[in-house]
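**Q** Here is a sequence together with a model predicted from it:
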Amino acid sequence: MTLRSRAVRDANDNTTKEEDCGAVESTKDAPKDRTTLVVFIGLLIDLLAFTLILPLFPALIGHYRENDSSGLFAYLETKVDGFRGVVGAPAQFNTVLFGGFLGSVFSFLQYLGSPIIGGLSDRYGRKPLLLMSTVGIALSYLLWVFSSNFTIFVLARILGGISKGNVSLSTAIVTDVSTPSTRGRGMAMIGVAFSIGFLIGPMIGAAFSLWGKEAGGEWYVYPALFALGLSIIDIIFLSIFFKESLPQQKRSATSLFATAKSYIHPLHLFRFSSIEGLEPKEHANLCQVGLAYFVYLFLYSGMEFTLTFLTHLRFGFTSMQQGKMFFFIGLLMAVLQGGVVRRLPLGSEQKYAMIGLLLIVPSFAIVGSAYSLPMLYLGLSLYAISTAFVVPMLSSLVSQYGGDHQKGAVMGVFRSLGALGRALGPAFGSLLFWSLGPEISYAAGGVLLLIPWAILRSVKH
């Protein structure tokens, strides 16, 4: 059975049930809606803690440059400075490149951890793995509290990256409790959680950053404690309110260790080798969607990372002005995802993902050639509109593949491919930016984003 025929069948089945059962069916939907709401709140709490560290990286790097007793910072700074020399970036951007390096390490660890956590959840249930993931994240913040040297801080980031499987679990849970007709709305809600988290979290972090410069000493303890407090609240909230979404009878019986290689090896991930039982055409389509997602985030994250270089060099943006710029992008995304994306009809996921990919081509070209703020914000508006559609639509599309006992693995592999793209993208974007200049690099990045559009266009249901 093809993906489209399965979706039509499920939609018809749901329509029949509604006609036959009326109020009974709406009663059954209520727990599902509550589950989606619980996932949304839990993910939002997690993202507030996760994003508050983003504006702190420059201050943290400055702190450890002066106070690291382990010697790790000096060693890594030498390596980052060597990369800066290769791409031709000025020395003033060493701190930004160092922050990018830490972000890439975090994404790479997500690439390793997400499919394994997703696969385990298919076998043992969503709730145990969701709580385990959240506890791991909380422990990473606890390590951050005691990070008197840079080595402990890096260990905290490593633990946080490996544990960051809660996002793929959230998408798997939404898939568990939704029908094909409501799945897009659920994925959009996850996008809204991201948008709100990236709106508010960095503002909290920026406040801590400004205060930390005045406080001196081990000022990082206070934002770390704040993040730890949010994580503890998240653990308690999920323990009480989240009800298991994957019944015992729908769980996978496959041994994780027997397929461990399929969850980690890059070629196996791109082939979705751990997902068995699909028709060849359906499996090929799943691989195409995953490849499009990887290429998209590889190019997108590279250009996103260099945006701070461009706005600082061309417009003299301070950290606060860049924070306002990302606030504008996040606010527009939140409005679109909350008001438009979640209302898109069943079967339109591929269409709107492709429209979003097309929008980002002129977006990058305008941003790269902008020499006035109105032109810059025009490009950023298209950028935000595109981003608001692409990831939720691709997530909703890929969630339709596989049986109930495979959703965790499917979403884990999917998120892992995105994390790998985010891990590699900043280095590629920096090389392109400093080698070719902003106009050519952004135009080239936009044109290259036609590749995932063409890949997605080849997917036939």
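**A** Nice, I can see it. Bear in mind that the values here come from a model prediction, so they are computed numbers and not experimental data.

**Q** close enough to count as contact, residue 290 and residue 270?
**A** Yes. Residue 290 is in contact with residue 270 according to Cβ atoms under 8 Å; the separation is 6.5 Å. All C-beta spots, glycine's among them, are computed from the backbone N, C-alpha and C.

**Q** and for the two, which residues touch both?
**A** Jointly contacting residue 290 and residue 270 under the rule Cβ atoms under 8 Å, 6 or more residues apart in numbering are residue 417.

**Q** Look at the two and report which has more neighbours.
**A** More neighbours surround residue 290 than the other of residue 290 and residue 270, with 24 against 15 (other Cβ atoms under 10 Å).

**Q** Count residues in the vicinity of the closest residue to that one other than its chain neighbours, would you?
**A** In space, and not counting its chain neighbours, residue 290 is closest to residue 417: 5.1 Å by Cβ to Cβ, 6 or more residues apart in numbering. By other Cβ under 10 Å, the residues close to residue 417 number 27.

**Q** Ok, the one 4 residues further on next?
**A** Here the count is done by other Cβ under 10 Å, and residue 421 has 22 residues near it.

**Q** repeat for residue 65
**A** Residue 65 - counted by other Cβ under 10 Å - has 15 other residues nearby.

**Q** what packs against the helix or strand where residue 172 lies?
**A** Using DSSP states H and E, the element containing residue 172 is helix 166-177. For helix 166-177, the packing partners by 3 or more Cβ pairs under 8 Å, 6 or more residues apart in numbering; DSSP states H and E come out as helix 23-51, helix 94-124, helix 126-145, helix 180-215, helix 407-436.

**Q** Can you get me the centre-to-centre distance for it and its chain?
**A** 13 Å (Cα atoms, centre = their mean, to the nearest Å).

**Q** Other residues contacting it?
**A** Counting by Cβ under 8 Å, 6+ apart, 31-32, 35-36, 39, 42-43, 46, 114-115, 117-118, 121, 126, 129-130, 133-134, 137, 183, 186-187, 189-190, 245-246, 395, 399, 404, 407-408, 410-412, 414-416 sit against helix 166-177.

**Q** which stretch of helix or strand covers the residue nearest to residue 360 when sequence neighbours are not counted?
**A** Among residues not flanking residue 360 along the chain, residue 386 sits closest, at 4.1 Å (Cβ to Cβ, 6+ apart). If you go by DSSP H and E, residue 386 is part of helix 373-398.

**Q** tell me which residues in that helix are buried?
**A** Neighbour counts over helix 373-398 (16 or more other Cβ atoms under 10 Å) mark 376-398 as buried.

**Q** so what's the backbone phi/psi at residue 316?
**A** phi 70, psi 30 (degrees, to the nearest 10).

**Q** mind checking pLDDT for it?
**A** Note on residue 316: pLDDT of 87.

**Q** repeat for residue 393
**A** 91.

**Q** Verify the stated contact: it with residue 341.
**A** Yes. Under the criterion of Cβ under 8 Å, residue 393 makes contact with residue 341 at 7.5 Å.

**Q** which residues are in contact with both of the two?
**A** Common neighbours of residue 393 and residue 341 (Cβ under 8 Å, 6+ apart) are 184, 352.

**Q** count of residues packed around residue 76?
**A** 18.

**Q** List the contacts of the helix or strand hosting it.
**A** Per DSSP H and E, residue 76 falls inside helix 72-87. Contacts to helix 72-87, defined as Cβ under 8 Å, 6+ apart, come from residues 64-65, 68, 91, 93-94, 97-98, 101, 149-151, 154, 427, 430-431, 433-435.

**Q** rerun at 6 Å
**A** Residues from elsewhere that reach helix 72-87 (Cβ atoms under 6 Å, 6 or more residues apart in numbering): 64, 94, 97-98, 101, 150-151, 430-431, 434.

**Q** In that helix, which residues are buried?
**A** Buried, per 16+ other Cβ under 10 Å, within helix 72-87: 72-73, 76-77, 80, 83-84, 87.

**Q** cool, and stretch 437-453?
**A** Buried residues in stretch 437-453, defined by neighbour count with 16+ other Cβ under 10 Å: 438, 441-446, 448-449, 451-453.

**Q** now stretch 342-350
**A** Buried, per 16+ other Cβ under 10 Å, within stretch 342-350: 342, 344, 346-347, 349-350.

**Q** returning to what we had before: quick one: which of the contacts of helix 72-87 is nearest residue 322?
**A** Closest approach between the contacts of helix 72-87 and residue 322, by Cβ to Cβ: residue 97, at 15.7 Å.
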